[in-house]
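Engineer: Below are the sequence and a predicted model for it; my questions follow.
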Amino acid sequence: MKLITFVTAFALSISAAAAAAEPMPASMPQAIAAPRDVRFPGTIQLIVDARDTARGIFNVAETVPVPQPGPFVLLFPKWLPGNHGPTGPVDKLAGLRLTAGGKPLAWTRDPVDVYAFHVDVPKGVGTLSIAFSFLSPVEAKEGRIVATPQMLNLQWDTVALYPAGYFSRDIMFAPSMILPAGWKFASALDGAQASGATVRFAPVAFNTLVDSPVFAGKYFARIDLAPGAKAPVHLDMFADQPDELTMTPVQLQPHRDLATQATLLFGAHHYDHYDFLFALSDRMSGIGLEHHRSSEDGTHGGYFREWATTPSLRGLLPHEYTHSWNGKFRRPADLWTPNFNVPMRDSLLWVYEGQTQYWGNVLAARSGLWSKAQALDALALDAATYADARPGRTWRPLIDTTNDPITTMRRPIPWRSWQRAEDYYSEGALIWLDADTLIREKTGGKKSLDDFARGFFGVHDGSYVTETYTFDDIVHALNAVMPNDWAAFLHTRIDAVAPKPPLDGLTRAGWRLVYTDTASDFYKSNEKSRKITDLTFSLGLAIDKEGLVSDVRWGGPAWQANVTVGAHVEAVNDVAYDPDVLKDAIREAKGTRKPIVLLLKSNNLFHANGVAYFDGLRYPHLERVAGKADLLNAILAARK
């Protein structure tokens, strides 16, 4: 008995010693002060020297008033509007120096929140002088290129530190910039005064500053899109070469009609002036980013020169313009944040982006940027994607894709069709088509989603103070147009796993999805702009201009043959790879049982993969359903 007691006691002592040796978590640093809705004392002076465009270096100087001596925290913006995620490029900040009265001050980065910088302000110091550089990418693999010898895109959130503890609307900045000699600029910022190469703007709240980027460049043209309007709308164009700014009357008119049709749709505007900041460049990276009184829009230099063959590019401006109403004026309550370092929640992006995608496409057609045929072909591509090329819909509900800007930060993913990637855009648009056609059908065409747009986004004409909304607000506004169980309608399509293709709106509109062996001009334009050969609906893959497999449809013929993303296609049936060679092989295999053999190079190994696919080329189109009214004609027709 004593031996057992001794052994037991010894075991317990060993166990206690082992437990005592287990690690315990280190204490966390003191939390960064939460933002308060109180005025920050003084105005921050900000000067950005943007002349080093060859190397993409923006040199920054700030003078920041400090309320009192002691601990002070400066923040680099992290959660960026329109990005919907923690994408602030703090890794591009370099050379940070803080001084007071000409003497250097030590700073430390917060070990938990790496976007926060701590400094101890000495007694008697009223201002801090801050200097740093923003080292913008010089190669696409490093990120978006924002400066070239011909133009630049200055986003103020990349070149400003701001004090923690305040709402961004309560912090005043006096911004200025120094441009290369002879350059022109455009921005929604007010009060611009140029003195030589320096441009000073009127003092502005930090949230408005971040919402008001600048485009600048050597070659510039400004077009009035709303002559005589109370709230002017301008197309501010910058190009790599001056001839890329040439615009024919036929090309000008639909851009002007875009401003007209948007006003007719929403019945109000939420800006005192609006600027499309439009870069036509093959050197500066493209962009589509919304702001309240402007948008950053970038596409390739041949936008006007290749007008006939690039209709897919013309959906950009309508989409970003719509965001002035949907996303900037009306914004999801959980997406609005008091400053740029409070996390966003993206649960209503199927409204913010999904309905914007819907109205952007509709306005492209109503303005004439797209013909009706092009709008139908764009819709066919979206319908086919979710009918046949998103098997991930069998496991992942649409609502979960609203988290993608946070979980992936919009980086490439290997198996898009299975993982899904921000499907709240185009699948969301199909859901809003479903809602629109349902309203039109049940009201005999007396009501439509246009009435929702006017009632929800078109209130408070002229105001650009953001108004937030919730799911219940959306349901209430829909019921004001037409009573229905809209909560169930939306929950079924948004929150539930839905393997059934979201094509009810298309069917109700009197159209069906079909496939032929001929690609539409819109489909070809989409391939051209993305620089791919898109065989998603036949072989189940896409190949980029270098011959690399850029996408493989999960479960499709190429996937079944173990073709993977990143493999290089060397040959097709023993003939050197070329897009036309591959398409010919697909045609020749139709109706046979002879696999198409792809010679692939992957990880320095060559392997031949036989793809058992025998149904020929397949490209999506829409076809009228006999006996049903054409609701798409009514939806896409220009308003008077």
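Structural biologist: Good, I have the coordinates. Numbers count the residues shown, from 1 in each chain.

Engineer: low-confidence ranges in this structure?
Structural biologist: Applying pLDDT under 70 to the chain flags the ranges 1-20.

Engineer: quick one, domains of it?
Structural biologist: When the chain is parsed with automatic domain parsing, its domains come out as 31-180, 330-495, 521-619.

Engineer: Mind putting the ones you listed into TSV with distance to residue 640 and mean neighbour count?
Structural biologist: All C-beta spots, glycine's among them, are computed from the backbone N, C-alpha and C. Putting those into TSV (distance: least, CB to CB, whole Å; neighbours: other CB atoms under 10 Å) gives the following:
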stretch	distance to residue 640	mean neighbour count
domain 31-180	33	18
domain 330-495	11	19
domain 521-619	26	17
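
Engineer: right, so of those domains, which gets closest to residue 246?
Structural biologist: Checking the domains of the chain against residue 246 by CB to CB gives domain 31-180 as the closest, at 16.2 Å.

Engineer: mind listing the strands for the stretch 151-300 of the chain?
Structural biologist: With DSSP state E, counting those that start in this stretch as the criterion, the stretch 151-300 of the chain has strands at 151-154, 162-163, 172-178, 184-187, 193-195, 198-200, 204-205, 214-217, 219-224, 233-239, 274-280, 287-290, 294-299.

Engineer: closest one to residue 505 among the ones you listed?
Structural biologist: strand 287-290 (24.5 Å).

Engineer: gap between that closest one and the chain center?
Structural biologist: Distance, stretch centre to chain centre, for strand 287-290: 6 Å (CA atoms, centre = their mean, to the nearest Å).

Engineer: how about residue 406, what does it touch?
Structural biologist: Contacts for residue 406 (CB atoms under 8 Å, 6 or more residues apart in numbering) come out as 84-86, 344, 346.

Engineer: what about residue 327, how many neighbours?
Structural biologist: Neighbour count for residue 327, taken as other CB atoms under 10 Å: 26.

Engineer: quick revisit: in TSV: the domains of the chain, plus distance to residue 315.
Structural biologist: What follows is those, written out as TSV (distance: least, CB to CB, whole Å):
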stretch	distance to residue 315
domain 31-180	17
domain 330-495	5
domain 521-619	10
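
Engineer: what about those, which gets the closest to residue 292?
Structural biologist: Here domain 330-495 is closest among the domains of the chain (CB to CB), at 5.1 Å.

Engineer: rewinding a little: residue 126 is nearest to which of the strands of the stretch 151-300 of the chain?
Structural biologist: strand 162-163 (13.9 Å).

Engineer: counting contacts, what elements does that closest one pack onto?
Structural biologist: strand 70-75 (3 or more CB pairs under 8 Å, 6 or more residues apart in numbering; DSSP states H and E).

Engineer: measure stretch 174-194 end to end?
Structural biologist: With CA to CA, to the nearest Å as the measure, the first residue of stretch 174-194 is 14 Å from its last.

Engineer: I should have written stretch 441-452 there, sorry.
Structural biologist: End-to-end for stretch 441-452, by CA to CA: 15 Å.

Engineer: that older thread, can you flag which of the contacts of residue 406 belong to strands?
Structural biologist: Judged by DSSP state E, strands contain none of these.

Engineer: Pull the most distant pair out of the residues you listed.
Structural biologist: Greatest spacing in those, by CB to CB: 86 and 346 (11.5 Å).

Engineer: now the strands: where do they sit in the stretch 401-550 of the chain?
Structural biologist: Going by DSSP E, counting those that start in this stretch, the stretch 401-550 of the chain shows strands at 467-469, 511-516, 532-535, 541-544, 549-552.

Engineer: Show me what the longest one packs onto, helices and strands only.
Structural biologist: This means strand 511-516. Checked by 3+ CB pairs under 8 Å, 6+ apart, strand 511-516 has helix 372-388, strand 619-624 packed alongside it.

Engineer: Which residues does stretch 131-147 contact?
Structural biologist: So stretch 131-147 is contacted by 50, 52-53, 55-62, 89, 92-97, 99, 152-155, 158-159, 161, 283-285, 287 (CB under 8 Å, 6+ apart).

Engineer: Please tell me how far it is from the chain's geometric centre.
Structural biologist: 18 Å.

Engineer: ok, now stretch 589-601?
Structural biologist: 38 Å.

Engineer: hmm, who's touching that stretch?
Structural biologist: 539, 549, 558, 561, 563, 567-574, 577, 582, 585-586, 606-616.

Engineer: returning to what we had before: would JSON lines of the strands of the stretch 151-300 of the chain with distance to residue 591 be doable?
Structural biologist: Below are the strands of the stretch 151-300 of the chain laid out as JSON lines (distance: least, CB to CB, whole Å):
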{"stretch": "strand 151-154", "distance to residue 591": "52"}
{"stretch": "strand 162-163", "distance to residue 591": "66"}
{"stretch": "strand 172-178", "distance to residue 591": "64"}
{"stretch": "strand 184-187", "distance to residue 591": "57"}
{"stretch": "strand 193-195", "distance to residue 591": "69"}
{"stretch": "strand 198-200", "distance to residue 591": "66"}
{"stretch": "strand 204-205", "distance to residue 591": "66"}
{"stretch": "strand 214-217", "distance to residue 591": "54"}
{"stretch": "strand 219-224", "distance to residue 591": "53"}
{"stretch": "strand 233-239", "distance to residue 591": "49"}
{"stretch": "strand 274-280", "distance to residue 591": "46"}
{"stretch": "strand 287-290", "distance to residue 591": "43"}
{"stretch": "strand 294-299", "distance to residue 591": "41"}
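
Engineer: Residue 70 is nearest to which of those?
Structural biologist: Comparing those by CB to CB, strand 162-163 comes nearest, at 13.1 Å.

Engineer: Which residue, other than its chain neighbours, is closest to residue 586?
Structural biologist: Leaving aside its sequence neighbours, residue 586 sits nearest to residue 617 (CB to CB, 6 or more residues apart in numbering; 5.5 Å).

Engineer: what does residue 167 give?
Structural biologist: residue 338 (4.4 Å).
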